[in-house]
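Trainee: The following block contains a protein sequence and its predicted model.
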Amino acid sequence: MDVLLSIKPKYVEAIMKGEKRYEFRKTIFKNKNVQKVYIYSTSPVKKIVGYFIIGDIIEDHPNNLWEKCKKFSGISDTEFFNYFNGNERGFAIRIDEVEKFNKPLDPTHIYQKFIPPQSFYYFNAGGMR
């Protein structure tokens with residue numbers, strides 16, 4: 001089982017360039033067997049542009065996450081702390097082995113009723129749920 005994450009285009013670009021090696025989340029998937037994250041680049045792109053292999057998932061207080069991951073966060077401290085505003089815990093997904101698709105996939109060709117995930121969808125060859 002894999003997951004599909006919605007990520008803003010500017011962060012997708014940083015991931016693809018290797019500048020962003022951690023994806024930060026307030027919540028995380030419960031399935032511990034997830035190894036691959038498909039990247040849905042949000043508006044205006046609106047396509048699945050590639051995937052990455054999960055290296056590790058760190059759970060900690062946002063202050064500690066920032067100290068551990070800031071060098072390869074791909075975002076400013078202001079963006080980071082605005083995102084985690086008021087949260088006592090957060091997650092940093094380490095990005096390993098990024099693969100960019102030569103031709104991004106329109107998710108509506110896979111699933112006609114596609115709605116971009118608010119946090120994530122479990123994803124497999126049979127579709128999303």
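Mentor: Looks like it arrived, so ask away.

Trainee: roughly how far apart are the residue of the chain most remote from its centre and Leu5?
Mentor: Distance from the C-alpha centroid of the chain, by C-alpha atoms, centre = their mean, peaks at Gln112 (22.4 Å). Distance of Gln112 to Leu5, given as C-beta to C-beta, to the nearest Å: 21 Å. Using the backbone N, CA and C atoms, a C-beta is placed for each residue, glycine as well.

Trainee: now the helices: where do they sit in the protein?
Mentor: For the chain, applying DSSP state H gives helices covering 9-17, 62-69, 77-83, 107-110.

Trainee: Reformat those into TSV and put mean neighbour count and mean pLDDT next to each item.
Mentor: Output for the helices of the chain, formatted as TSV (neighbours: other C-beta atoms under 10 Å; pLDDT from 0 to 100):
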stretch	mean neighbour count	mean pLDDT
helix 9-17	17	97
helix 62-69	17	98
helix 77-83	13	97
helix 107-110	15	90
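
Trainee: Could you point out which of those helices sits nearest Lys30?
Mentor: Proximity to Lys30 (C-beta to C-beta) singles out helix 62-69 among these, at 19.6 Å.

Trainee: Just give me the neighbour total for the nearest residue to Glu23 once chain neighbours are set aside.
Mentor: Spatially, and ignoring its direct neighbours in sequence, Glu23 is nearest to Ile93 (4.5 Å; C-beta to C-beta, 6 or more residues apart in numbering). Ile93 has 23 neighbouring residues, counting by other C-beta atoms under 10 Å.
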